[in-house]
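Peer 1: below are the sequence and a predicted model for it; my questions follow.
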Amino acid sequence: MELYGRVRHAVRIEGLSHRGGGAAVRDRPADGRQDDMFSVPPGYRRSKPPARPKLDPFIGIIDRMLEEDKNRPAKQRHTSKRIFERLRTSTATPVG
């Protein structure tokens, strides 16, 4: 956080370039443009929205299996491996 303030001061008050401000504050040459644009570190920003999971078309089927399992004894309920096997055999396209 202090680093951002020092780079902003170097660029805006001392009149250094973005690269010069970044290099003056750090031990290595670096572009201080992002440090100058934000008063606090911006954190991670996604460049594109997250991709939908590959299981998205099967969520309804999986939910139905798990709902039916609630009435069964614990030893007879589906495991993740068994759900995978049932999905693989019930679909024409290979999963995984």
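Peer 2: In hand now; what should we look at?
Peer 1: could you pull out the helices in this protein for me?
Peer 2: 2-12, 18-25, 33-37, 59-69, 80-90 (DSSP state H).
Peer 1: is it true that residue 61 touches residue 87?
Peer 2: Yes - counting by Cβ atoms under 8 Å, residue 87 is a contact partner of residue 61 at 6.9 Å. Quick note: C-beta positions are derived from backbone N, CA and C, even for glycine.
Peer 1: select from the helices of the chain the stretch with the lowest mean pLDDT.
Peer 2: Here the lowest mean pLDDT among those goes to helix 33-37, at a mean of 57.
Peer 1: what pLDDT does residue 71 get?
Peer 2: The per-residue confidence score, pLDDT, reads 93 for residue 71.
Peer 1: change the start of the numbering to 814 and stick with it
Peer 2: Taking 814 as the first residue, the last one we looked at is residue 884.
Peer 1: count the residues that sit near it.
Peer 2: Look at residue 884: counted by other Cβ atoms under 10 Å, it has 8 neighbours.
Peer 1: now residue 883
Peer 2: 7.
Peer 1: now do residue 896 against residue 825, distance only.
Peer 2: Distance of residue 896 to residue 825, computed by Cβ to Cβ, to the nearest Å: 58 Å.
Peer 1: more crowded one of those two?
Peer 2: Set residue 896 next to residue 825 and count neighbours by other Cβ under 10 Å: residue 896 wins out with 17 against 11.
Peer 1: got the domain boundaries for the chain?
Peer 2: Listed by automatic domain parsing, the domain ranges of the chain are 815-850, 869-903.
Peer 1: give me whichever of these is most buried.
Peer 2: domain 815-850 (a mean of 16; mean count of other Cβ atoms under 10 Å).
Peer 1: for the nearest residue to residue 879 once chain neighbours are set aside, what are its contacts?
Peer 2: Of all residues not flanking residue 879 in the chain, residue 891 sits nearest, at 6.9 Å (Cβ to Cβ, 6 or more residues apart in numbering). Contact analysis of residue 891 by Cβ atoms under 8 Å, 6 or more residues apart in numbering lists 878, 879, 882, 899.
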